[in-house]
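Peer 1: Build me a structure from this.
(2 chains)
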Amino acid sequence: QEQLVDSGGSVVQPGRSLRLSCVASGFTFSRFPMYWVRQAPGKRLEYVAIISHDGATKYYPDSVKGRFTISRDDSRNTLSLQMDSLRSEDTGVYYCARDAVPYGGNWYFDLWGRGTVVTVSS
Amino acid sequence: EILLTQSPGTLSLSPGERGTVSCRASDELGPTFIAWYQQKAGQAPRLLIYGASSRAAGIPDRFSGSGSGTDFTLTIDRLEPEDSAMYYCQQYGRAPLTFGGGTKVEI
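Peer 2: Below you'll find the predicted structure:
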(Lines give C-alpha, C1' and ligand atoms only; values in the text may rest on other atoms or scores of the structure.)
Protein backbone atom coordinates (compact mmCIF):
# COMPACT_ATOMS: atom_id res chain seq x y z
CA GLN A 1 0.00 0.00 0.00
CA GLU A 2 1.38 3.38 -1.01
CA GLN A 3 1.72 5.68 1.95
CA LEU A 4 3.30 8.90 3.16
CA VAL A 5 3.73 9.44 6.89
CA ASP A 6 4.67 12.96 7.87
CA SER A 7 5.93 13.93 11.30
CA GLY A 8 7.96 16.45 13.26
CA GLY A 9 5.36 19.12 13.93
CA SER A 10 5.54 20.88 17.24
CA VAL A 11 5.02 24.13 19.12
CA VAL A 12 8.02 26.39 18.57
CA GLN A 13 8.89 29.99 19.38
CA PRO A 14 9.24 32.62 16.67
CA GLY A 15 12.75 32.73 15.25
CA ARG A 16 13.48 29.11 16.10
CA SER A 17 13.91 26.13 13.76
CA LEU A 18 12.03 22.91 13.13
CA ARG A 19 12.58 19.94 10.85
CA LEU A 20 9.72 17.96 9.35
CA SER A 21 10.04 14.47 7.90
CA CYS A 22 7.96 12.35 5.58
CA VAL A 23 8.59 8.63 5.15
CA ALA A 24 7.35 6.99 1.99
CA SER A 25 6.45 3.35 1.55
CA GLY A 26 4.81 1.11 -1.01
CA PHE A 27 6.30 2.77 -4.09
CA THR A 28 9.65 3.69 -5.64
CA PHE A 29 10.27 6.99 -3.89
CA SER A 30 13.25 8.00 -6.05
CA ARG A 31 11.10 8.24 -9.17
CA PHE A 32 8.82 11.01 -7.96
CA PRO A 33 9.07 14.76 -7.46
CA MET A 34 7.87 15.58 -3.96
CA TYR A 35 6.25 18.57 -2.31
CA TRP A 36 5.39 20.18 0.97
CA VAL A 37 2.02 21.88 1.13
CA ARG A 38 0.64 23.72 4.15
CA GLN A 39 -2.67 25.05 5.35
CA ALA A 40 -2.80 27.85 7.86
CA PRO A 41 -5.91 28.08 10.06
CA GLY A 42 -8.79 29.45 8.02
CA LYS A 43 -6.66 29.85 4.90
CA ARG A 44 -6.28 28.01 1.65
CA LEU A 45 -3.68 25.39 0.85
CA GLU A 46 -0.27 26.77 -0.15
CA TYR A 47 2.72 24.96 -1.59
CA VAL A 48 5.92 25.69 0.33
CA ALA A 49 8.55 23.57 -1.40
CA ILE A 50 9.14 21.33 -4.38
CA ILE A 51 12.01 18.96 -5.09
CA SER A 52 12.60 17.09 -8.32
CA HIS A 53 12.90 13.31 -8.40
CA ASP A 54 16.71 13.53 -8.50
CA GLY A 55 16.99 16.32 -5.95
CA ALA A 56 18.68 18.63 -8.44
CA THR A 57 15.89 21.20 -8.67
CA LYS A 58 14.06 22.92 -5.85
CA TYR A 59 11.46 25.67 -5.82
CA TYR A 60 10.03 27.79 -3.04
CA PRO A 61 7.43 30.55 -2.94
CA ASP A 62 8.61 33.98 -1.84
CA SER A 63 6.90 33.52 1.54
CA VAL A 64 9.47 30.92 2.64
CA LYS A 65 12.42 31.42 0.28
CA GLY A 66 15.68 31.69 2.19
CA ARG A 67 14.13 30.23 5.36
CA PHE A 68 12.92 26.75 4.33
CA THR A 69 15.00 24.01 2.72
CA ILE A 70 13.60 20.85 1.18
CA SER A 71 15.72 17.73 0.82
CA ARG A 72 15.36 14.04 0.15
CA ASP A 73 17.20 10.87 1.11
CA ASP A 74 16.25 8.19 -1.34
CA SER A 75 18.19 5.54 0.58
CA ARG A 76 15.78 6.04 3.47
CA ASN A 77 12.69 6.96 1.40
CA THR A 78 12.52 10.18 3.35
CA LEU A 79 11.56 13.73 2.44
CA SER A 80 12.52 16.54 4.82
CA LEU A 81 11.72 20.20 5.32
CA GLN A 82 14.12 22.30 7.38
CA MET A 83 12.32 25.41 8.59
CA ASP A 84 14.42 28.23 10.02
CA SER A 85 13.56 31.70 11.33
CA LEU A 86 9.98 30.61 11.89
CA ARG A 87 7.23 33.21 12.04
CA SER A 88 3.71 33.13 13.44
CA GLU A 89 2.36 33.05 9.89
CA ASP A 90 4.11 29.71 9.36
CA THR A 91 1.60 28.13 11.73
CA GLY A 92 -0.48 25.43 10.09
CA VAL A 93 -0.81 21.84 9.04
CA TYR A 94 2.04 20.68 6.81
CA TYR A 95 1.48 17.89 4.30
CA CYS A 96 3.97 16.05 2.18
CA ALA A 97 2.65 15.10 -1.22
CA ARG A 98 3.76 13.14 -4.26
CA ASP A 99 3.67 14.30 -7.88
CA ALA A 100 1.13 12.27 -9.80
CA VAL A 101 3.58 11.30 -12.54
CA PRO A 102 6.99 9.62 -12.10
CA TYR A 103 9.94 11.79 -13.11
CA GLY A 104 7.65 14.56 -14.33
CA GLY A 105 7.02 17.91 -12.74
CA ASN A 106 3.31 17.87 -13.27
CA TRP A 107 2.62 19.81 -10.11
CA TYR A 108 -0.49 18.02 -8.96
CA PHE A 109 -0.61 15.37 -6.31
CA ASP A 110 -1.97 11.85 -6.13
CA LEU A 111 -0.73 10.85 -2.68
CA TRP A 112 -0.67 12.92 0.48
CA GLY A 113 0.42 12.44 4.05
CA ARG A 114 -2.06 13.05 6.84
CA GLY A 115 -0.30 16.19 7.92
CA THR A 116 1.74 17.36 10.87
CA VAL A 117 0.87 20.45 12.93
CA VAL A 118 3.31 23.31 13.33
CA THR A 119 2.48 26.07 15.80
CA VAL A 120 4.75 29.10 16.00
CA SER A 121 3.99 31.00 19.15
CA SER A 122 5.77 32.59 22.06
CA GLU B 1 -0.11 34.61 -9.22
CA ILE B 2 -3.35 32.98 -10.36
CA LEU B 3 -6.18 33.44 -7.86
CA LEU B 4 -8.78 30.67 -7.79
CA THR B 5 -12.23 31.56 -6.49
CA GLN B 6 -14.53 28.70 -5.56
CA SER B 7 -18.28 28.93 -5.18
CA PRO B 8 -20.41 28.33 -3.33
CA GLY B 9 -18.66 28.35 0.02
CA THR B 10 -21.06 25.70 1.31
CA LEU B 11 -23.33 23.36 -0.59
CA SER B 12 -26.10 21.58 1.31
CA LEU B 13 -27.87 18.84 -0.62
CA SER B 14 -29.78 15.61 -0.13
CA PRO B 15 -28.66 12.10 -1.06
CA GLY B 16 -29.25 11.35 -4.72
CA GLU B 17 -29.06 14.96 -5.84
CA ARG B 18 -26.40 16.47 -8.07
CA GLY B 19 -23.82 18.87 -6.69
CA THR B 20 -21.87 21.43 -8.70
CA VAL B 21 -18.80 23.29 -7.49
CA SER B 22 -17.35 26.16 -9.49
CA CYS B 23 -13.72 27.28 -9.68
CA ARG B 24 -12.91 30.54 -11.46
CA ALA B 25 -9.35 31.55 -12.29
CA SER B 26 -8.17 35.16 -12.34
CA ASP B 27 -6.43 34.56 -15.68
CA GLU B 28 -6.55 32.09 -18.56
CA LEU B 29 -5.19 28.64 -17.72
CA GLY B 30 -5.74 26.71 -20.88
CA PRO B 31 -7.93 23.66 -21.08
CA THR B 32 -6.28 21.19 -18.78
CA PHE B 33 -4.30 22.55 -15.85
CA ILE B 34 -6.87 22.09 -13.12
CA ALA B 35 -7.07 19.39 -10.44
CA TRP B 36 -9.77 18.73 -7.85
CA TYR B 37 -9.30 17.23 -4.40
CA GLN B 38 -11.63 15.92 -1.72
CA GLN B 39 -10.67 16.27 1.92
CA LYS B 40 -12.62 14.72 4.77
CA ALA B 41 -12.15 15.88 8.32
CA GLY B 42 -8.90 14.62 9.79
CA GLN B 43 -7.82 12.98 6.55
CA ALA B 44 -5.33 13.71 3.82
CA PRO B 45 -6.65 15.26 0.60
CA ARG B 46 -7.51 12.80 -2.17
CA LEU B 47 -7.03 13.52 -5.85
CA LEU B 48 -10.33 13.29 -7.73
CA ILE B 49 -9.76 14.95 -11.09
CA TYR B 50 -6.70 16.10 -13.04
CA GLY B 51 -6.37 17.71 -16.44
CA ALA B 52 -9.72 19.38 -15.72
CA SER B 53 -11.72 16.28 -16.68
CA SER B 54 -9.71 13.08 -16.14
CA ARG B 55 -10.69 10.97 -13.15
CA ALA B 56 -7.89 9.74 -10.92
CA ALA B 57 -7.50 6.03 -10.30
CA GLY B 58 -10.28 4.51 -8.24
CA ILE B 59 -12.56 7.54 -8.38
CA PRO B 60 -16.21 6.66 -9.09
CA ASP B 61 -17.72 7.94 -12.31
CA ARG B 62 -20.20 9.98 -10.21
CA PHE B 63 -17.39 12.55 -10.08
CA SER B 64 -16.70 14.53 -13.24
CA GLY B 65 -14.84 17.69 -14.16
CA SER B 66 -15.24 20.13 -17.00
CA GLY B 67 -14.27 23.58 -18.18
CA SER B 68 -11.44 25.50 -19.77
CA GLY B 69 -9.96 28.97 -19.84
CA THR B 70 -10.99 30.57 -16.59
CA ASP B 71 -14.09 28.57 -15.58
CA PHE B 72 -14.00 25.02 -14.27
CA THR B 73 -16.62 22.81 -12.65
CA LEU B 74 -16.66 19.73 -10.47
CA THR B 75 -19.93 17.79 -10.66
CA ILE B 76 -20.94 15.06 -8.27
CA ASP B 77 -23.91 12.97 -9.42
CA ARG B 78 -26.11 10.87 -7.17
CA LEU B 79 -24.69 12.31 -3.97
CA GLU B 80 -24.02 9.90 -1.15
CA PRO B 81 -23.55 10.68 2.55
CA GLU B 82 -19.85 9.78 2.31
CA ASP B 83 -19.37 12.63 -0.20
CA SER B 84 -19.60 15.09 2.69
CA ALA B 85 -16.22 16.82 2.63
CA MET B 86 -14.27 19.88 1.59
CA TYR B 87 -13.48 20.15 -2.10
CA TYR B 88 -10.56 22.15 -3.47
CA CYS B 89 -9.49 23.09 -6.96
CA GLN B 90 -5.83 23.63 -7.82
CA GLN B 91 -4.20 25.13 -10.89
CA TYR B 92 -0.84 23.98 -12.17
CA GLY B 93 -0.68 25.84 -15.46
CA ARG B 94 1.19 28.86 -14.14
CA ALA B 95 3.81 29.11 -11.42
CA PRO B 96 3.28 29.32 -8.54
CA LEU B 97 0.70 26.57 -8.28
CA THR B 98 -2.28 27.76 -6.29
CA PHE B 99 -5.41 26.38 -4.66
CA GLY B 100 -8.97 27.55 -4.36
CA GLY B 101 -10.43 28.46 -1.00
CA GLY B 102 -12.54 25.31 -0.80
CA THR B 103 -16.22 24.36 -0.89
CA LYS B 104 -17.85 22.49 1.94
CA VAL B 105 -20.34 19.89 0.69
CA GLU B 106 -22.89 18.75 3.25
CA ILE B 107 -25.16 15.81 2.54
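Peer 1: Could you use CA atoms for every contact and neighbour count after this?
Peer 2: Noted.
Peer 1: Report how many residues lie close to A:Asp62.
Peer 2: Neighbour count for A:Asp62, taken as other CA atoms under 10 Å in any protein chain shown: 10.
Peer 1: nope, B:Leu74 is what I meant
Peer 2: Neighbourhood size, B:Leu74 [other CA under 10 Å]: 25.
Peer 1: In contact with it, which residues?
Peer 2: B:Thr20, B:Val21, B:Ser22, B:Trp36, B:Phe63, B:Ser64, B:Gly65, B:Ser66 (CA atoms under 8 Å, 6 or more residues apart in numbering or on different chains).
Peer 1: Give the bridge partners for residue 46, please.
Peer 2: With no chain named, the answer covers chain A. A:Arg38 (DSSP bridges).
Peer 1: nope, chain B
Peer 2: Taking DSSP bridges as the rule, B:Arg46 bridges to B:Gln38.
Peer 1: Distance to A:Lys43 added to the contacts of B:Leu74, as CSV?
Peer 2: Below are these laid out as CSV (distance: CA to CA, whole Å):
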residue, distance to A:Lys43
B:Thr20, 22
B:Val21, 19
B:Ser22, 18
B:Trp36, 17
B:Phe63, 25
B:Ser64, 26
B:Gly65, 24
B:Ser66, 25
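Peer 1: Which members of these are the farthest-apart pair?
Peer 2: B:Ser22 and B:Phe63 (13.6 Å; CA to CA).
Peer 1: higher neighbour count, those two?
Peer 2: Under the criterion of other CA under 10 Å, the comparison of B:Ser22 against B:Phe63 puts B:Ser22 first, with 23 against 19.
Peer 1: give me the beta-bridge partners of the closest residue in space to the more buried one that isn't next to it in sequence?
Peer 2: Computed as CA to CA, 6 or more residues apart in numbering or on different chains, the closest residue to B:Ser22 that is not its neighbour in sequence is B:Thr73, at 4.7 Å. Beta-bridge pairing for B:Thr73 (DSSP bridges): B:Ser22, B:Ser66.
Peer 1: Provide a list of residues in contact with B:Thr73.
Peer 2: Here B:Thr73 is in contact with B:Thr20, B:Val21, B:Ser22, B:Cys23, B:Gly65, B:Ser66, B:Gly67 (CA under 8 Å, 6+ apart).
Peer 1: Which one of the residues you listed sits in the busiest neighbourhood?
Peer 2: B:Cys23 (28 neighbours).
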